[in-house]
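Student: okay, sequence plus prediction incoming.
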Amino acid sequence: ARTAERAKFDFFFLAEGLRLREQAGRIHDLDVVGRPDTFTVLAALAAVTDRLGLAGTINSTFNEPYEVARQFASLDHLSGGRAAWNVVTSWDEFTGENFRRGGFLAREDRYERARQFLTAVNALLDSWRGDEIVADRASGT
């Protein structure tokens, strides 16, 4: 990320992978240890960069709008406004098996969920104007 920032890149992109990939009954190790949590990594990179945008893939099929809004608001605050979201849906049944609700959503259902998800996240993010907390040292307020 530091190298990308020095090279004047616009952003650092971290792809999320929610599924464990297997072949012939063997789980690929890379997917177990090679895909740390997106928000944790981007927050760490925010601490060591100043201008680089921090973009993360977050899935709208197997996450919840409130949690994603809270996580992106935190990352946006920590990074000074450098957070970006690559919204994806999950297309494979194997990924659904990793989650309690399980299952596979048909394409039209996934995209309807994504539409509703984005509407909810945007409403949550827009509910914070930024002037709700007064911190005026001179007046003690």
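Tutor: Everything's here; your move. The structure presented is a predicted model; accordingly, all values stated were derived computationally and were not measured.

Student: helix or strand right after the worst-scoring helix or strand of the chain on mean pLDDT?
Tutor: Counting by mean pLDDT, DSSP states H and E, the weakest-scoring helix or strand in the chain turns out to be helix 29-33, with a mean of 55. Tracing the chain C-terminally past helix 29-33 and defining elements by DSSP states H and E, one meets helix 38-48 next.

Student: could you check the angle the helix or strand following that next one makes with helix 38-48?
Tutor: Remark: after helix 38-48, the chain's next helix or strand is strand 53-59, criterion DSSP H and E. Strand 53-59 and helix 38-48 meet at an angle of 170 degrees, taking axes from the mean of the first three to the mean of the last three CA atoms, to 10 degrees as the criterion.

Student: now the helix or strand following strand 53-59: buried residues?
Tutor: Tracing the chain past strand 53-59, the next element assigned as helix or strand by DSSP H and E is helix 65-79. When neighbours are counted by 16 or more other CB atoms under 10 Å, the buried residues of helix 65-79 are found to be 65, 68, 69, 71, 72, 75, 76, 78, 79. To be clear about C-beta, it is placed using only N, CA and C from the backbone, and glycine gets the same treatment.

Student: looks like the first one contacts residue 117 (just checking).
Tutor: Translated: residue 65. Yes - distance between residue 65 and residue 117: 5.3 Å, which falls inside the contact criterion (CB atoms under 8 Å).

Student: tell me what residue 54 is bridged to.
Tutor: With DSSP bridges applied, the residues forming beta bridges to residue 54 are residue 12, residue 83.

Student: number of residues surrounding it?
Tutor: Residue crowding around residue 54 was assessed by other CB atoms under 10 Å; the count is 25.

Student: name all residues that make contact with it.
Tutor: Neighbour list for residue 54: 11, 12, 14, 42, 45, 46, 75, 79, 82, 83, 84 [criterion: CB atoms under 8 Å, 6 or more residues apart in numbering].
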